[in-house]
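**Student:** 3D model of this:
(one chain, ligands or ions: 2)
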Amino acid sequence: MMMGELWQQTGSLMATIVFVYTVFEKFFPPNLRDRVQSYTHKLTSHFYPYIQITFPEFTGERLKRSEAYTCIQTYLSANSSHTAKRLKAEVVRDSQKPLVLSMDDNEEITDEFNGVKVWWAASKTSTNSQPFSFSYYPPPDAKRYYKLTFHKSHRDLITLSYIHYVLQEGKEIASKNRQLKLYTNNPSSGWYGYKSTKWSHVIFEHPASFETLAMEEKKKEEIIKDLEKFKGGKEYYAKIGKAWKRGYLLYGPPGTGKSTMIAAMANFMNYDLYDLELTAVKDNTELRKLLIETPSKSIIVIEDIDCSLDLTGQRKKKKEKEEDEDQKDPMKRAQEEENKGSKVTLSGLLNFIDGIWSACGGERIIIFTTNFIDKLDPALIRRGRMDKHIELSYCGFEAFKVLAKNYLDVESHGLFPVIERKLVETDMTPADVAENLMPKSVDEGVEDCLLNLIKALEIAKEEEAAKKAQEEARKKEEEDEKEVKDKEVKNNEKASDDVKENGFH
Ligand SMILES: Nc1ncnc2c1ncn2[C@@H]1O[C@H](COP(=O)(O)OP(=O)(O)OP(=O)(O)O)[C@@H](O)[C@H]1O
Ligand SMILES: [Mg+2]
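**Tutor:** Numbers count the residues shown, from 1 in each chain. Ligands and ions are numbered 1, 2, ... in the order given. Predicted structure coming up:
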């Protein structure tokens with residue numbers, strides 16, 4: 001205990017002073033106490049070799065809750081729940097833990113930093129005007145604070161390093177414990193009312209992780225390393241003079257795990273997700289306002305970017321449309337323009353990704369997904385904007401093994417070699433493989449499920465072959481038709497040449 005340490009270290013005189021001080025603090029009215037405190041401080045500072053720093057819960061004129069106090073509380077909660085004898089339990093908003101334990105008022109614990117011992121005390125002062133209060137509960141206007149005590153010979157170490165370390169650790173622990181959120185953008189018509197916001201959120205509780213994600217092990221490790229490097233890259237990005245952000249382009253057929261990978265990334269990084277629905281964004285100004293509001297440690301996602309907007313530069317049958325437009329009455333045209341929705345342009349999006357706006361907040365990941373990478377404008381996906389392109393493809397044997405472990409809890413089986421062969425011959429998405437691995441009834445065991453998958457792979461192969469044959473037949477038909485047409489054209493040309501020749505004779 002702190003008191004015991006002081007007895008040993010500063011002798012009985014000091015202890016007496018501290019004892020008197022404590023008695024005064026507990027039993028005397030505030031105004032008298034303040035005076036006594038002032039005298040005892042003067043007296044003790046002659047003998048007392050310790051420095052004390054207090055961190056009040058509320059600071060400033062508007063009494064904002066101090067960020068330092070919150071960080072210290074989190075740090076001490078993580079460290080004190082094993083050592084402190086009196087704890088208080090609270091339900092904290094947005095925390096993953098059902099109950100958060102922290103040291104109770106007037107409790108003290110010790111901590112060590114680089115071999116140096118410090119003392120933390122959770123205290124409160126009362127500004128209650130009543131001189132004596134015997135109520136069990138603290139008065140409503142009690143002011144809480146943490147008090148850090150350390151020997152004056154360690155002044156620099158504590159003030160320059162330890163406090164910084166505690167605040168950083170507190171932040172880190174809080175960010176690990178908090179519940180992740182999934183945000184979606186609101187249409188701008190609802191941005192400015194009472195309590196309205198640009199983004200709505202729900203708690204994000206997707207169970208996806210890199211462990212359960214079915215893909216080649218090597219590729220998975222590469223992505224994990226890339227994310228780790230990004231997370232710890234604050235200094236690196238500052239050194240190379242680049243905004244601390246990273247862009248990923250996930251592409252592949254439907255059902256290959258693009259959305260699942262985004263969820264796994266959010267869980268791995270412990271970042272909130274901002275799912276940006278571009279079709280609900282009217283123009284580039286709105287886009288900028290939305291993106292500016294995304295804080296650091298967030299992942300901004302634009303799914304199916306090729307479908308979201310006219311970002312590919314491939315305007316559908318533009319000429320036909322323009323001709324139609326010319327004949328429309330102007331009122332109707334204006335109304336349609338209004339209803340058409342988004343006018344976000346490729347350059348608007350690129351400006352944000354590249355521009356100075358994107359640096360606000362820092363530590364942000366931007367992810368685009370698409371089923372058709374070839375459809376995208378190269379400007380959108382060039383390296384530097386989308387730093388890493390990740391292909392998610394049909395299920396290979398390695399990916400299958402992950403799914404078999406997830407769904408059936410098996411790592412090897414006599415049927416695995418058959419499945420390996422069949423997966424090479426047939427394109428099946430991980431989503432379909434997973435579906436086939438799921439037991440269809442309570443009686444189905446591992447082998448039944450694997451046999452179901454083999455059957456599904458055989459059917460898929462037959463269907464693929466039939467489709468291929470159909471496609472080839474269609475192509476052949478087209479070629480035959482073309483040949484007949486070419487022949488006809490040639491015959492007609494020959495006939496007209498003959499007529500011309502005959503005419504000259
Ligand atoms: N690689 C994978 N690993 C684990 N599960 C997967 C994988 N791919 C697909 N799945 C399973 O299939 C379901 C659909 O996958 P997901 O939504 O991630 O596909 P997608 O690539 O985003 O498809 P789309 O292009 O249609 O959006 C998921 O819920 C998941 O259970
Ligand atoms: Mg998806």
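**Student:** all helices for the stretch 351-500 of the chain, in order.
**Tutor:** Using DSSP state H, counting those that start in this stretch, the helices of the stretch 351-500 of the chain run over 378-381, 397-408, 416-425, 430-437, 446-504.
**Student:** Which residue would be the closest one in this protein to ligand 2?
**Tutor:** For the chain, the residue closest to ligand 2 is Ser259, as judged by Cβ to the ion, at 3.2 Å. Glycine gets a C-beta too; all of them are placed from N, C-alpha and C.
**Student:** What helix or strand is that residue located in?
**Tutor:** Element membership of Ser259, judged by DSSP states H and E, is helix 258-269.
**Student:** and the helix or strand following that helix, average pLDDT?
**Tutor:** Proceeding C-terminally, helix 258-269 gives way to strand 272-275 as the next helix or strand, assigned by DSSP H and E. Across strand 272-275, pLDDT averages out at 95.
**Student:** Could you do stretch 450-457 as well?
**Tutor:** 95.
**Student:** Would you indicate which residues of that stretch are buried?
**Tutor:** Buried residues in stretch 450-457, defined by neighbour count with 16 or more other Cβ atoms under 10 Å: Leu450, Asn452, Leu453, Ile454, Ala456, Leu457.
**Student:** swap in stretch 110-121?
**Tutor:** Across stretch 110-121, burial judged by 16+ other Cβ under 10 Å covers Asp111, Phe113, Val118, Trp119, Trp120, Ala121.
**Student:** what's the answer for stretch 419-438, then?
**Tutor:** Of the residues in stretch 419-438, 419, 422-423, 426, 428-434, 436-437 count as buried by neighbour count, 16+ other Cβ under 10 Å.
**Student:** Show the residue spans covered by the strands in the stretch 101-250 of the chain.
**Tutor:** Per DSSP state E, counting those that start in this stretch, the stretch 101-250 of the chain carries strands over the ranges 108-113, 116-125, 143-151, 181-185, 199-203, 245-251.
**Student:** Show me which residues of this structure sit near ligand 1.
**Tutor:** Residues of the chain found near ligand 1 (Cβ under 6 Å from any ligand atom) are 213-215, 254-260, 371, 392, 430-431, 434.
**Student:** got the end-to-end distance for stretch 368-381?
**Tutor:** 9 Å (Cα to Cα, to the nearest Å).
**Student:** Residue ranges in the stretch 101-250 of the chain under the pLDDT threshold?
**Tutor:** Within the stretch 101-250 of the chain, the segments meeting pLDDT under 70 span 126-142, 194-195.
**Student:** Run a quick neighbour tally on Tyr69.
**Tutor:** A count of nearby residues for Tyr69, using other Cβ atoms under 10 Å, gives 19.
**Student:** For the stretch 401-505 of the chain, give me the ranges with low pLDDT.
**Tutor:** Applying pLDDT under 70 to the stretch 401-505 of the chain flags residues 503-505.
**Student:** Let's see that with 90 instead.
**Tutor:** By pLDDT under 90, the low-scoring segments of the stretch 401-505 of the chain are 439-445, 464, 491-505.
**Student:** Quick one: the helices of the stretch 351-500 of the chain as TSV, columns for distance to ligand 2 too.
**Tutor:** Shown next, in TSV, are the helices of the stretch 351-500 of the chain (distance: least, Cβ to the ion, whole Å):
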stretch	distance to ligand 2
helix 378-381	18
helix 397-408	17
helix 416-425	22
helix 430-437	10
helix 446-504	21
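**Student:** In CSV, list the ones you listed along with distance to Val281.
**Tutor:** Shown next, in CSV, are the helices of the stretch 351-500 of the chain (distance: least, Cβ to Cβ, whole Å):
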stretch, distance to Val281
helix 378-381, 16
helix 397-408, 35
helix 416-425, 41
helix 430-437, 29
helix 446-504, 38
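**Student:** so which of the ones you listed comes closest to Ala174?
**Tutor:** With Cβ to Cβ, the closest approach to Ala174 among those belongs to helix 397-408: 31.2 Å.
**Student:** Send me that closest one as PDB with only the CA atoms.
**Tutor:** Output of helix 397-408 as PDB, limited to C-alpha atoms (Å, rounded to 0.1, in the frame of the first residue of the first chain):
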ATOM      1  CA  PHE A 397      -7.900 -27.100 -53.000                       C
ATOM      2  CA  GLU A 398      -6.200 -25.000 -50.400                       C
ATOM      3  CA  ALA A 399      -9.400 -22.800 -50.100                       C
ATOM      4  CA  PHE A 400     -11.500 -26.000 -49.900                       C
ATOM      5  CA  LYS A 401      -9.400 -27.300 -47.000                       C
ATOM      6  CA  VAL A 402     -10.200 -24.100 -45.000                       C
ATOM      7  CA  LEU A 403     -13.900 -24.500 -45.700                       C
ATOM      8  CA  ALA A 404     -13.800 -28.200 -44.800                       C
ATOM      9  CA  LYS A 405     -12.200 -27.200 -41.500                       C
ATOM     10  CA  ASN A 406     -14.700 -24.400 -40.900                       C
ATOM     11  CA  TYR A 407     -17.800 -26.400 -41.800                       C
ATOM     12  CA  LEU A 408     -17.000 -30.000 -41.000                       C
END
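**Student:** No further queries at this time; thank you.
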